[in-house]
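**Student:** Following is a predicted model, sequence given first.
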Amino acid sequence: MASFMEQVFEKAKKDPKKVVLPEGNDERTVEAAAKCAEMKIADITILGNPDKINEIAKNKNLKLDGVKILDLANLPNIQEYANEFYEMRKAKGVTPEQAMEIMKKDVYYGAMMVKKGVVDTFVAGAVNTTSDVSRAAIYLIGMKPGIKTLSSFFVMILPDKSFGKDGVLFYSDGGFVIDPDENQLSDIAVTTGNTYRELMGEEPKVAMLSFSTKGSAKHARIDKVIKALELAKQKDPSMMIDGEMQGDAALIPAVGAKKAPGSAVAGQANVLIFPDLDSGNIAYKLTERLAKAEAYGPIYQGTAKPCSDLSRGCKASDIINVTAINVVRLQNHK
């Protein structure tokens, strides 16, 4: 059977989308752009210094056939983009001069390209900070209707194929929202469920995790999860979502049947929602190391169109993988 990413690449090839990689002066971005074009998984645009980009490609023996290069020193439509950004942010004190300076920044220009429909998504963060990437996403792409919380998810690929969908589990949020309240946690649950639909093409089974299962303990932190569950069900009544439950009740059929009898999720969850960033981040790292799992993420979710932040320590292969994942999400994005 093809691996998870092999399946993602094949899906991406069937309907490639337009992707901008704003950080084109970085050799990892140039390598990723060349390979994405070669694999035909996306129509790639990169921003940067054309001479430097071509020099990187030459030194690394990369072909940039099919890759569109935009010169950061001479960007098309820059005045139009700056004017639009000024109109969007002038109530927050942004001046026309500041709007122009912001639009000259690669990640903001890339996000505006998404907003204007020139491209379908951006992938950045190899050079830019998470704060810059997240602000560009929120200011210019905006949030999906009904969702107020920008969050992230991880795709975890376990060697043990009995978990989730052939070993594929989605974890959230392990990378962005530190201590979500019940409203934010409900957004995270619904958003991750919808992301699972986009990427996997089937219905999620979402478990709201806690140190309690169905009232086995009492605490204010459990109350938060219970309230979040109620709100999530209101936001998407069609989604299979249940809680609160412990990790074993969510994943092990025998335990789920005992601790949460009658649950449509217990024992067969494919999406795990953690109550805070502490638990989500710890869980993904332990799963990756102890279970020898592959981890893809954190990948943004909740925006009007999919986009992604990268780790500044990422490799070219990470950029390629995230680009392909976003292409497949866009194919099924509603």
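**Tutor:** Here it is on my side, so go on. Numbers count the residues shown, from 1 in each chain.
**Student:** Just read off the phi/psi values of G247.
**Tutor:** phi -60, psi -40 (degrees, to the nearest 10).
**Student:** Which residue ranges of the chain form strands?
**Tutor:** 17-21, 42-48, 68-71, 121-124, 151-157, 168-172, 205-209, 240-245, 271-273, 294-301, 308-309 (DSSP state E).
**Student:** Which of the ones you listed sits closest to N194?
**Tutor:** strand 294-301 (7.9 Å; CB to CB). Where C-beta positions appear, they are placed from N, C-alpha and C, glycine not excepted.
**Student:** so what's the residue nearest to K224 when sequence neighbours are not counted up against?
**Tutor:** Nearest residue to K224 in three dimensions, chain neighbours excluded: E182, at 5.2 Å (CB to CB, 6 or more residues apart in numbering). Contacts for E182 (CB atoms under 8 Å, 6 or more residues apart in numbering) come out as K224, V225, K227, A228, L231.
**Student:** Same check on V177?
**Tutor:** For V177, the contact set (CB under 8 Å, 6+ apart) comprises T149, L150, S151, S152, Q184, I188, L277.
**Student:** how about the strands of the chain in a markdown table, adding mean pLDDT, mean neighbour count and distance to N281?
**Tutor:** Below are the strands of the chain laid out as a markdown table (pLDDT from 0 to 100; neighbours: other CB atoms under 10 Å; distance: least, CB to CB, whole Å):
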| stretch | mean pLDDT | mean neighbour count | distance to N281 |
| --- | --- | --- | --- |
| strand 17-21 | 98 | 26 | 26 |
| strand 42-48 | 98 | 24 | 29 |
| strand 68-71 | 98 | 17 | 35 |
| strand 121-124 | 96 | 30 | 21 |
| strand 151-157 | 95 | 26 | 9 |
| strand 168-172 | 97 | 25 | 9 |
| strand 205-209 | 98 | 27 | 13 |
| strand 240-245 | 96 | 26 | 20 |
| strand 271-273 | 99 | 29 | 13 |
| strand 294-301 | 89 | 23 | 9 |
| strand 308-309 | 89 | 28 | 15 |
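**Student:** Distance to A111 added to those, as TSV?
**Tutor:** Compiled in TSV, the strands of the chain are given as follows (distance: least, CB to CB, whole Å):
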stretch	distance to A111
strand 17-21	9
strand 42-48	11
strand 68-71	14
strand 121-124	6
strand 151-157	17
strand 168-172	22
strand 205-209	29
strand 240-245	31
strand 271-273	27
strand 294-301	11
strand 308-309	12
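**Student:** Any idea which of those strands gets closest to S263?
**Tutor:** strand 240-245 (5.0 Å).
**Student:** For the closest one, which outside residues touch it?
**Tutor:** With contact meaning CB under 8 Å, 6+ apart, strand 240-245 is reached by 189-190, 193, 203-210, 212-214, 222, 225-226, 228-229, 232-233, 256, 259-260, 263-266, 273.
**Student:** Against T191, how distant is the closest residue in space to R197 that isn't next to it in sequence?
**Tutor:** Spatial nearest neighbour of R197, excluding adjacent residues (CB to CB, 6+ apart): P204 at 6.3 Å. Separation of P204 from T191 (CB to CB, to the nearest Å): 11 Å.
**Student:** Compare the two (neighbour count), which wins?
**Tutor:** T191 (29 against 25; other CB atoms under 10 Å).
**Student:** mind listing what that one touches?
**Tutor:** K144, I147, T149, S151, S172, Q301, G302.
**Student:** now the fifth one, which residues is it bridged with?
**Tutor:** Meaning S172. Applying DSSP bridges to S172 gives these bridge partners: I273.
**Student:** repeat for the fourth one
**Tutor:** Beta-bridge pairing for S151 (DSSP bridges): Q301.
**Student:** That one against S186, yeah?
**Tutor:** No - judged on CB atoms under 8 Å, S151 makes no contact with S186 at a distance of 11.1 Å.
**Student:** could you check the angle strand 294-301 makes with the longest helix seen in the chain?
**Tutor:** Counting by DSSP state H, the longest helix found in the chain is helix 182-200. Relative orientation of helix 182-200 and strand 294-301, computed by axes from the mean of the first three to the mean of the last three CA atoms, to 10 degrees: 120 degrees.
**Student:** now helix 182-200: mean pLDDT?
**Tutor:** Averaged over helix 182-200, pLDDT sits at 96.
**Student:** what do you get for stretch 86-96?
**Tutor:** 96.
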